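Q: model the structure of this input:
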Amino acid sequence: MNGDKNKCYIYTRVSTALQVDGYSLDAQRETMRKYADFQLIWIGSEKCIAFVSTYVYTAIEKVL
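A: Numbers count the residues shown, from 1 in each chain. Purely as a prediction, here's the structure:
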């Protein structure tokens, strides 16, 4: 039971193969869990998305 805690949902996401193969999803999830615990927030559910795009662009291309 969540008692008097607020409720939140954890959503983790990566978009590159390097992030998928690395630790990024685990690090995001752990950071959010620690924050929720520190702020006394009850985690209702968690969602994880690993989307790898075939198009790679630089910050310069984005501005142009």
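Q: pull out the buried positions in stretch 40-48.
A: Residues of stretch 40-48 classed as buried: 41, 43 (neighbour count, 16 or more other C-beta atoms under 10 Å). Bear in mind the C-beta positions are built from the backbone N, C-alpha and C, glycine included.
Q: again but with stretch 32-41, I slipped
A: For stretch 32-41, the neighbour count (16+ other C-beta under 10 Å) marks 32, 36, 41 as buried.
Q: what pLDDT is listed against the last one?
A: Going back to what we said before, that points to residue 41. Residue 41 carries a pLDDT value of 94.
Q: kindly list the main-chain dihedrals of residue 8?
A: Main-chain dihedrals, residue 8, degrees, to the nearest 10: phi -140, psi 170.
Q: who's in contact with it?
A: The neighbourhood of residue 8, defined by C-beta atoms under 8 Å, 6 or more residues apart in numbering, consists of 36, 41, 42, 43, 44.
Q: how close does it get to residue 49?
A: According to C-beta to C-beta, to the nearest Å, residue 8 and residue 49 sit 17 Å apart.
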